[in-house]
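In: quick check, what structure comes out for this input:
(2 chains)
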Amino acid sequence: MEKIICGTTIEVNEEGYLTNFSQWCTEIGDELAKEANIDLSPRHREVITYLQGEHKKEVPLSIRKVGKSGVVDIKEFYSLFPLAPLKTATKIAGIPKPASCI
Amino acid sequence: MNDSNGEIKKMMIILSKATLENVYAAFVLANGARMEGIEAEMFFTFFGLEAIHKKKLKRLHVATVGNPAMHMPTMVGGLPGMEAFATHMMKKEMGKIDMPDVEEFLDILTASGVKLWACKLAMDMFHYKKEDMISDIDGVITVGDFYKKASGSGTHMLFI
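Out: So this is what the prediction gives:
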């Protein structure tokens, strides 16, 4: 599926996740955050950068891992991205939805 | 159901057992709900109270007797040390898939906004005091209180 954000055409899957991370840029992140009703603060951006880093290292993501990262604890993660934090944050970060149950 | 479009908004999970596999099932379901943006509240009753009992939660076991999935004769399952052995094996496997232990899982649930309620009747029956339970519990309530918290469309209730 194709989607046009900030004048650029990006490839997304049926759930709206970018299928090609190289197409991601800060402006696209801002736009995706807006769609999720989130106004990105510097804290949000730190978390997103961390998630992207883990994705590049091919580390599978889970709530528990994020909580132990030292970047953000679980409570703050939920307050930054109140509705389904891992799903929302990865979507904004332009990385695949984690297939994790914990 | 109509105004929620069949969508799940809240999971009310009742845990009545203290065997490790049941405790984990309840915890994974509650945490999984929060991960999807679904509210979750847990009601610990009867043996389920052990999962939030400060001392007992560290010693929860897998059931080896009366559990056909263990694939061992009941007599063998009843031998001394079998439960401890099965529990050890299960914990080892859980560690491999990055599953937290019960104590850490409770911290994750609380941090994720899962409400933890202890059943008043069962607390009285086992002579437990609120101080015996982990400090993270949200309160000791009656079944009626729990039903009230379940009100609203899109709430589902699950008994384990």
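In: per-residue confidence at residue B:66?
Out: pLDDT for residue B:66: 79.
In: that one and residue B:73 touch, don't they?
Out: No - contact criterion C-beta atoms under 8 Å: residue B:66 and residue B:73 do not qualify, at 11.8 Å. For glycine as for every other residue, the C-beta is placed from the backbone atoms N, C-alpha and C.
In: in chain B, which residue is most central in space?
Out: Centroid-nearest residue in chain B, with C-alpha atoms, centre = their mean: residue B:23, separated by 3.9 Å.
In: so which residues make contact with the helix or strand of chain B with the lowest mean pLDDT?
Out: Lowest by mean pLDDT, DSSP states H and E among the helices and strands of chain B is helix B:74-77, with a mean of 80. Applying C-beta atoms under 8 Å, 6 or more residues apart in numbering or on different chains, the contact partners of helix B:74-77 are B:64-67, B:70, B:82-83.
In: number of residues surrounding the residue lying closest to residue A:16 once chain neighbours are set aside?
Out: Spatial nearest neighbour of residue A:16, chain neighbours left out: residue A:91 (6.2 Å); criterion: C-beta to C-beta, 6 or more residues apart in numbering or on different chains. Per other C-beta atoms under 10 Å in any protein chain shown, the neighbour tally for residue A:91 reads 23.
In: sticking with residue A:91, tell me its helix or strand.
Out: Per DSSP states H and E: residue A:91 is located in helix A:85-93.
In: got the CA positions of that helix in CSV?
Out: Presented in CSV, the C-alpha positions along helix A:85-93 are these (Å, rounded to 0.1, in the frame of the first residue of the first chain):
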residue,chain,number,x,y,z
PRO,A,85,2.6,2.1,23.7
LEU,A,86,4.7,-0.5,21.9
LYS,A,87,2.4,-0.6,18.9
THR,A,88,2.0,3.2,18.7
ALA,A,89,5.7,4.0,19.2
THR,A,90,6.9,1.5,16.7
LYS,A,91,4.5,2.8,14.1
ILE,A,92,5.7,6.4,14.6
ALA,A,93,9.3,5.2,14.5
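In: how about it: buried residues?
Out: Neighbour-count burial for helix A:85-93, counted by 16 or more other C-beta atoms under 10 Å in any protein chain shown, picks out A:85-93.
In: pLDDT added to those residues, as CSV?
Out: CSV is the format used below for the buried residues of helix A:85-93 (pLDDT from 0 to 100):
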residue, pLDDT
A:85, 95
A:86, 95
A:87, 95
A:88, 96
A:89, 96
A:90, 95
A:91, 95
A:92, 95
A:93, 94
